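>>> okay, predicted coordinates and the sequence, questions at the end:
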Number of protein chains: 6
Amino acid sequence: MSDEPAETASSQGLTHLRADGAVHMVDVSEKQITARRAVALGAVVTRPDVVELVAQGRLPKGEALAVARIAGIMAAKKTPELVPLCHPLPITGVDVELAPVGDRIEIRATVKTVGVTGVEMEALTAVSVAALTVYDMIKAVDKGAVIAEVRVLEKDGGKSGPWRSDDRREV
Amino acid sequence: MSDEPAETASSQGLTHLRADGAVHMVDVSEKQITARRAVALGAVVTRPDVVELVAQGRLPKGEALAVARIAGIMAAKKTPELVPLCHPLPITGVDVELAPVGDRIEIRATVKTVGVTGVEMEALTAVSVAALTVYDMIKAVDKGAVIAEVRVLEKDGGKSGPWRSDDRREV
Amino acid sequence: MSDEPAETASSQGLTHLRADGAVHMVDVSEKQITARRAVALGAVVTRPDVVELVAQGRLPKGEALAVARIAGIMAAKKTPELVPLCHPLPITGVDVELAPVGDRIEIRATVKTVGVTGVEMEALTAVSVAALTVYDMIKAVDKGAVIAEVRVLEKDGGKSGPWRSDDRREV
Amino acid sequence: MSDEPAETASSQGLTHLRADGAVHMVDVSEKQITARRAVALGAVVTRPDVVELVAQGRLPKGEALAVARIAGIMAAKKTPELVPLCHPLPITGVDVELAPVGDRIEIRATVKTVGVTGVEMEALTAVSVAALTVYDMIKAVDKGAVIAEVRVLEKDGGKSGPWRSDDRREV
Amino acid sequence: MSDEPAETASSQGLTHLRADGAVHMVDVSEKQITARRAVALGAVVTRPDVVELVAQGRLPKGEALAVARIAGIMAAKKTPELVPLCHPLPITGVDVELAPVGDRIEIRATVKTVGVTGVEMEALTAVSVAALTVYDMIKAVDKGAVIAEVRVLEKDGGKSGPWRSDDRREV
Amino acid sequence: MSDEPAETASSQGLTHLRADGAVHMVDVSEKQITARRAVALGAVVTRPDVVELVAQGRLPKGEALAVARIAGIMAAKKTPELVPLCHPLPITGVDVELAPVGDRIEIRATVKTVGVTGVEMEALTAVSVAALTVYDMIKAVDKGAVIAEVRVLEKDGGKSGPWRSDDRREV
């Protein structure tokens, strides 16, 4: 572990840490309001037969994937309640996709706002809670399912401009 | 995709689906109240230098990891608000550990209750939200960090008895 | 308006009013824990063509009614946050049905608990929020839709025993 | 039930449904911010003697109607937590009126915002939760009370301009 | 400041600190369920003319104090959402009193439960939020009002038995 | 008590009271959006030895004060959920300081927004909940600790301009 003082953490980019090492909600009063968007990905990895059971939810009257989608959308709105130093934001749009593919349910969330901070936390929260909801529904048949590789795919808007995850790092 | 009707999903173990494919919150009125415990794991995978920055939060006055721990504990209590078909439960204890190891922050949550259903959803939610909180604090220095392998390690209590994830499946 | 003092209100059955007219959350510490159940009904009244549009949500991949069902289930869990003098209760099961019939979507919620107070408020809240969610989805095509006749159909459990709404009063 | 594909639902006005029938939170990033207002109505129908008991809450020290008013105001702020596809909005004003008239408590909520979407859902939610709160307070004396005809009376602001419910449809 | 290690804090009674100094939600799985009660006090100190304005809320149709009472009752139910390491508890009764006396509004909250932990946090939270609500209503006429001496008056139930604050310490 | 009608209360500055004495959420639709800031203070008064125990939380791995800080930050975001007539606001920054001094933990919260109303309620709520969290952690060693003198120190922004508490009134 580094011997450098915590003060350095802030100067090196951990903006939630003040000079004395205490956390705060960063002041964004001066930031410009712009249209912003973020996309996050993730997956619940289970067995192919379990994926088939869940996918039946798309048959007439079935609705297993709908529950996860709605849980993800609602969770995006709850992000500042869950992530302590996250600013409240007026979300202007949310899409959550769930795709059964082989042994996994792939999840993708797109969140938009017109505001002063980015919405990657909202997109990640939507993916995470949609994934938790899928796990909840399949745990009776596969307790060993894994929520895998929740991450940001791309974001744009704001001073820093567009960013895209170009290489998928191995985990 | 299977041509089997959604009814089969329920009979095969997707207990949240009724015979007509609609979801419901399963009736647990008849289940026994027992002491229960679940442990979940996960990690935020980033770069070693970022892990060092975060770990500085354990130096005097620093508190980066404390934020994630507390976010995880508070999220465990919010589980039934986030996961639509999850029953409310009287949580009786929560521990959230965060360990900086190499290029990642490993997270482990243990949740206990004395109730009618298991607490694996609460443990997974604690890990997920602690991981989201770590991502929030490091995103200024590593937007490409990944929340990896959130899963249940073990659970016990209830009629089905103890369960332990014995093999770590590759994701 | 009656000239009788507020004190009488309490003695005549408005149990949330104390002798001095102030409200409180009634003390139920001494009440017995029993299995309880309540069923509530209601409907969103609109036009037959709008009902058809919503009912398409039951076709493959559609999920309009699922959203309302899940909103109702989640709202049942939020009842003590919404209704100020309502006691928190460990809900043990929730079913929300939505049936498109002619010019309306009929809604029926069944809530169960093992606790010290009844769950009619939870059932009514589930119906009301499911109805609000239906309205939200159809308001672009029928702003004039009406949420009609939200009421308790039956309840059982507790010292007072089963109760059933026998006559449908005209409203 | 119609054989038309769910895609048509969206093109016919169910804006929360995407072309594939899945729901989403509609993107309103491009909408103009304007002052908006909505008024909703409803009633709790019970017996005249129960209405008198509740109305005593307006006598010195009594406060039965105040509870329902406050519950309605607080619920307006919770609307996006309750209605899954509803956008969060900065509410700028709320009034909730409760009038004991004959055998019913009439409820009227007016909500204002300066934002990109209308506030009819907030007004309807305020009326519904105020009505649930009235029911909660009178259920010991009239379990058969009915929440009747919750609907929008008028709304204005936004591109579509003012709208007013001109005829009270029978329900 | 002491040079003693954080481990000592736990052994000396700060039960939320583990041996390694990290916080956790204490495990209460083994504790007995008993009837418990706590009473907390506090006051909002302002000017006599402001107290008179607020007290008018008890005149016909006025309801200023009712708002604070209801806010306190609802906040008691939110305690585990606000205080991170607080266990969720099934509150069985809440009373909040507000008494205009001279230059202050005195507040007293009594909370009851049948559970494994005490309810002093719930009582203190009820007093604090009722006081914040009073401040909110009078801030237009007295920004300098002070929330003073929020404290526990007495508690009983549980293994430790009854406790009563016998001397009012000067603050 | 005054014999003046409640109507006077409003005209004398209790803006949450309407002419008929009923409360409402004041309409701020016409107010200007400006940068605003508020600072609130308070303290938890206990014994010097307890303050030392808590302050150990700033030693390596300890985190007692961090919990209170985070609870305060999160509570600031919850203010409109807790204080019934408070408008929702887009908070743009929060700092919560906790300083162990003699027999007390002094607390200071600074909240910023760019909005139509002031943020003194958010700052007071942050202080109150941070204080409740400190009490929760020390109650095992000092049930008699007191939350003392929660008040606004200064506020600026908005039409009324800067305000500062110049004299500390005795309570």
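Good, I have the coordinates. Numbering: from 1, shown residues only, chains lettered A, B, ... in the order given.

>>> roughly how far does the residue most central in space within chain A sit from chain C?
Nearest residue to the geometric centre of chain A (C-alpha atoms, centre = their mean): residue A:124, 0.6 Å. Counting by C-beta to the nearest C-beta, to the nearest Å, the gap from residue A:124 to chain C is 21 Å. Any C-beta I mention is one placed from the backbone N, CA and C, and that applies to glycine too.

>>> touching, that residue and residue B:132? I think so.
Yes. Contact criterion C-beta atoms under 8 Å: residue A:124 and residue B:132 qualify, at 5.8 Å.

>>> thinking again about what came up before, so what's the residue nearest to the centre of chain A up against?
By C-beta atoms under 8 Å, 6 or more residues apart in numbering or on different chains, residue A:124 lies in contact with A:40, A:109, A:150-152, B:132, B:135, B:147.

>>> what do residue A:124 and residue B:132 both touch?
Counting by C-beta under 8 Å, 6+ apart, the residues touching both residue A:124 and residue B:132 are residue B:147.

>>> backbone dihedrals for residue A:51, please?
phi -60, psi -40 (degrees, to the nearest 10).

>>> so the residue nearest to residue A:120 when sequence neighbours are not counted is in which element?
Once flanking residues are discounted, residue A:120 sits nearest to residue A:38: 4.1 Å by C-beta to C-beta, 6 or more residues apart in numbering or on different chains. Following DSSP states H and E, the helix or strand that holds residue A:38 is strand A:34-45.

>>> same check on residue A:137?
With DSSP H and E as the test, residue A:137 turns up in helix A:120-138.

>>> now do that helix: distance to the chain's middle.
Put simply, helix A:120-138 sits 7 Å off its chain's centre (C-alpha atoms, centre = their mean, to the nearest Å).

>>> stretch A:35-51 now?
For stretch A:35-51, the distance to the chain centre is 10 Å (C-alpha atoms, centre = their mean).

>>> just the mean pLDDT for it, thanks.
Regarding stretch A:35-51, the rounded mean pLDDT is 84.

>>> again, but for stretch A:89-96
Here the average pLDDT along stretch A:89-96 is 90.

>>> now stretch A:123-142
On average, stretch A:123-142 scores 92.

>>> give me the buried positions along it.
Under the neighbour-count criterion of 16 or more other C-beta atoms under 10 Å in any protein chain shown, stretch A:123-142 has A:123-139, A:141-142 buried.

>>> burial measure for the closest residue to chain E within chain A, as a count.
Closest contact between chain A and chain E, by C-beta to the nearest C-beta, is at residue A:81 (8.6 Å). For residue A:81, the count of nearby residues is 22 (other C-beta atoms under 10 Å in any protein chain shown).

>>> now residue A:99
Counted with other C-beta under 10 Å, residue A:99 comes out at 12.

>>> with residue A:85 instead?
Neighbours of residue A:85 (other C-beta under 10 Å): 22.

>>> what's near enough to touch it?
A:16, A:23-26, B:67, B:133, B:136-137, F:73.

>>> residue A:86 now?
A:25, A:79-80, A:121, B:136.

>>> leaving out sequence neighbours, find the closest residue to the residue in chain A positioned nearest to chain D.
Using C-beta to the nearest C-beta, residue A:93 is the residue of chain A that sits closest to chain D, at 3.2 Å. Distances taken as C-beta to C-beta, 6+ apart place residue D:27 nearest to residue A:93, at 3.2 Å, with adjacent residues excluded.

>>> try residue A:130
residue A:72 is the one closest to residue A:130 (C-beta to C-beta, 6+ apart), at 3.3 Å.

>>> that neighbour: which element?
Assigned by DSSP H and E, residue A:72 falls in helix A:64-82.

>>> and the angle for the very next helix or strand once past that helix with strand A:34-45?
Later in the chain than helix A:64-82, the nearest helix or strand by DSSP H and E is strand A:91-101. The directions of strand A:91-101 and strand A:34-45 differ by 20 degrees, with axes from the mean of the first three to the mean of the last three C-alpha atoms, to 10 degrees as the criterion.

>>> number of nearby residues for residue A:153?
Neighbours around residue A:153, by other C-beta under 10 Å: 18.

>>> chain F contacts on chain A?
A:18, A:22-29, A:80-81, A:84-85, A:87-90, A:115-116 (C-beta under 8 Å from any C-beta of the partner chain).

>>> okay, how far is it across stretch A:72-92, tip to tip?
By C-alpha to C-alpha, to the nearest Å, the extent of stretch A:72-92 from end to end equals 15 Å.

>>> run the chain-centre distance for it.
10 Å.

>>> returning to what we had before: tell me which two of the contacts of residue A:124 sit farthest apart.
A:109 and B:135 (14.1 Å; C-beta to C-beta).

>>> could you check the angle strand B:34-45 makes with the helix holding residue A:137?
Using the same axes, to 10 degrees: helix A:120-138 against strand B:34-45 is 140 degrees.

>>> helix A:120-138 versus helix B:64-82: what angle between them?
Using the same axes, to 10 degrees: helix A:120-138 against helix B:64-82 is 50 degrees.

>>> got the CA positions of the strand holding residue A:38 in CSV?
Taking Å, rounded to 0.1, in the frame of the first residue of the first chain, the C-alpha atoms of strand A:34-45 are listed here in CSV:
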residue,chain,number,x,y,z
THR,A,34,-26.2,19.4,-21.3
ALA,A,35,-27.9,16.3,-22.8
ARG,A,36,-26.1,13.2,-21.6
ARG,A,37,-26.4,9.5,-22.2
ALA,A,38,-24.8,6.4,-20.8
VAL,A,39,-25.1,2.7,-21.7
ALA,A,40,-24.2,-0.1,-19.3
LEU,A,41,-24.0,-3.8,-19.8
GLY,A,42,-24.0,-7.0,-17.7
ALA,A,43,-25.2,-10.5,-17.7
VAL,A,44,-26.6,-13.2,-15.4
VAL,A,45,-24.8,-16.4,-16.1
